[in-house]
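1. got a predicted structure plus its sequence, pasted below:
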Amino acid sequence: MDAIRDGDIDPAVLAGKRIAILGYGNQGRAQALNLKDSGIDVVVGLRDGSPSHDRAVADGIATASLAEAASSANVVMLLAPDEALAAIYREVEPSIREGAALGFSHGLAIRFGFIVPRSDLDIFMVAPKGPGTALRSLYLDGKGMVALYAVEQDANGNAKAIALAYGQALGCGRAGILASSFAEECEADLFNEQAVVWGAVPEILIAGFDTLVEAGVSEEVAYMECVGELKLIAELIEARGIAGMREAISNTAELGAVIGGPRIVDDGVRARMREILAEVRAGRFSDLLRDEEASGYPRLKVARDKARQLNVEQARKKLIG
Ligand SMILES: NC(=O)c1ccc[n+]([C@@H]2O[C@H](COP(=O)([O-])OP(=O)(O)OC[C@H]3O[C@@H](n4cnc5c(N)ncnc54)[C@H](OP(=O)(O)O)[C@@H]3O)[C@@H](O)[C@H]2O)c1
């Protein structure tokens, strides 16, 4: 699959158009600022009494209510938490102009039917593959973040052109924009969050730390070994790939890695990864997310408290403060 880059993209489809960004958090702020610096007319839509209002004003971004922002724009981008998007869409749907475009940075709300959009709207996705802070700092450095784009509904024949021009205005065309679909992006993203980088990796770090401490190793040494080296491997993999990373470390570390890694990540782990992917595809996680929001996030509150109490966190405080 070829990445689409700036030279392949015609920005004309967004010339003279206004984009409403609904939400001014992690992605909303970065996207609004990058669009503005790319010469796009941007308005941020916020709920009444939003604590983000003053920040947007200080950033020199025009603000309005959610409905006013949506009604004034040719492109409306939904950039609030995924579980909040359905309520926001219900509120602004009557205000969105006939034939406008509605954009997302994650496929979940469409893939799992949280939102069933009006049939006259172009529905597109531009999903930068990283947090808003990095999207913004890369843009300011003259670089860009890789993004996925997709079209779910091409009511007016412009959805792909709008998605690519939008991604270009975010700076993503400097790095590459890859074609995907709402379903593929969403399923792969939810899978990774649970089974790989965000779910499994921290659990491996905690389990490794606990194993060493139980065996009499000091918390400080266990922390430096099991957690402190994560940044080093991440940087090496980014710069050289997995094979290059292995060649860059000592023979001792490389032999240990090739013997120990597959003993930990064995067929049982791969089977459970397939289970998680099947559950994601069946919509079990999206149901859980909806329930969690409806009941005030009880599971997340307990998990956050528990994580702060972990021995590995106490060790970090002793070492780093
Ligand atoms: N975070 C990432 O790294 C990342 C990366 C790629 C894609 N994405 C996707 O980008 C989208 C936005 O995610 P995010 O992490 O940027 O979200 P976020 O930071 O949690 O969004 C916060 C913003 O949403 C607003 N908001 C929250 N609930 C609202 C409600 N009920 N009504 C109106 N506004 C509400 C907040 O309003 P107030 O200011 O009034 O509190 C705030 O401005 C999601 O689809 C996500 O999957 C995120």
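-> Okay, I see it. Numbers count the residues shown, from 1 in each chain.
2. residue 224: what's it in contact with?
-> Counting by CB atoms under 8 Å, 6 or more residues apart in numbering, residue 224 touches residue 319. C-beta: built from backbone N, CA, C; applies to glycine.
3. okay, it: pLDDT?
-> The per-residue pLDDT reported for residue 224 equals 96.
4. in which helix or strand would I find it?
-> If you go by DSSP states H and E, residue 224 is part of helix 219-226.
5. count of residues packed around residue 122?
-> 25 (other CB atoms under 10 Å).
6. correction: the previous question concerned residue 154.
-> When counting by other CB under 10 Å, one arrives at 15 neighbours for residue 154.
7. that one touches residue 121, doesn't it?
-> No: the criterion here is CB atoms under 8 Å, and residue 154 misses it with residue 121 at 10.1 Å.
8. chain neighbours aside, what residue packs nearest to the residue of the stretch 151-300 of the chain at minimum distance from the ligand?
-> Residue nearest to the ligand within the stretch 151-300 of the chain (CB to the nearest ligand atom): residue 189, separated by 7.7 Å. Leaving aside its sequence neighbours, residue 189 sits nearest to residue 106 (CB to CB, 6 or more residues apart in numbering; 6.6 Å).
9. what secondary structure does residue 20 sit in?
-> Following DSSP: H, G, I helix; E, B strand; the rest coil, residue 20 is assigned to strand.
10. roughly how far does it sit from the ligand?
-> Per CB to the nearest ligand atom, to the nearest Å, residue 20 is found 13 Å from the ligand.
11. circling back to that earlier point, need phi/psi at the residue nearest to residue 189.
-> When read as degrees, to the nearest 10, the backbone of residue 106 gives phi -160, psi 150.
12. repeat that for residue 291.
-> Reported as degrees, to the nearest 10, the phi and psi values for residue 291 are phi -60, psi -40.
13. count the neighbours of it for me.
-> Using other CB under 10 Å, residue 291 has 12 other residues around it.
14. i'd like the first residue to be 563 from this point on
-> In the new numbering, first residue 563, that becomes residue 853.
15. quick check, pLDDT for it.
-> Residue 853 carries a pLDDT value of 95.
16. residues touching the residue in the stretch 563-712 of the chain positioned nearest to the ligand, list them.
-> Per CB to the nearest ligand atom, residue 587 is where the stretch 563-712 of the chain lies closest to the ligand, at 2.1 Å. Contact analysis of residue 587 by CB under 8 Å, 6+ apart lists 614, 641-643, 694.
17. tell me the confidence at it?
-> 98.
18. residue 883 now?
-> On the pLDDT scale, residue 883 is placed at 79.
19. buried stuff in stretch 817-834?
-> Within stretch 817-834, no residue is scored as buried using 16 or more other CB atoms under 10 Å.
20. touching it from outside, list them.
-> Here stretch 817-834 has contacts from 757, 766, 808, 811, using CB under 8 Å, 6+ apart.
21. ok now that stretch, how far from the chain's centre?
-> Mean C-alpha position of stretch 817-834 versus that of the full chain (CA atoms, centre = their mean, to the nearest Å) differs by 28 Å.
22. ok, stretch 696-706 next?
-> On the basis of CA atoms, centre = their mean, stretch 696-706 sits 16 Å off its chain's mean C-alpha point.
23. ok, stretch 625-644 next?
-> On the basis of CA atoms, centre = their mean, stretch 625-644 is displaced by 19 Å from the centre of the chain it belongs to.
24. then it to CSV, C-alphas only?
-> Output of stretch 625-644 as CSV, limited to C-alpha atoms (Å, rounded to 0.1, in the frame of the first residue of the first chain):
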residue,chain,number,x,y,z
THR,A,625,-14.9,29.6,19.7
ALA,A,626,-18.7,29.1,19.6
SER,A,627,-21.3,26.7,21.1
LEU,A,628,-21.3,23.2,19.6
ALA,A,629,-24.4,23.9,17.4
GLU,A,630,-23.2,27.4,16.3
ALA,A,631,-19.8,26.0,15.3
ALA,A,632,-21.4,23.1,13.4
SER,A,633,-23.9,25.4,11.6
SER,A,634,-21.2,27.8,10.4
ALA,A,635,-18.9,25.1,8.9
ASN,A,636,-18.4,23.1,5.7
VAL,A,637,-16.5,20.4,7.6
VAL,A,638,-17.4,19.3,11.1
MET,A,639,-14.8,17.3,13.0
LEU,A,640,-15.9,15.3,16.1
LEU,A,641,-12.9,15.3,18.5
ALA,A,642,-14.3,14.5,21.9
PRO,A,643,-14.0,11.1,23.7
ASP,A,644,-15.5,8.4,21.6
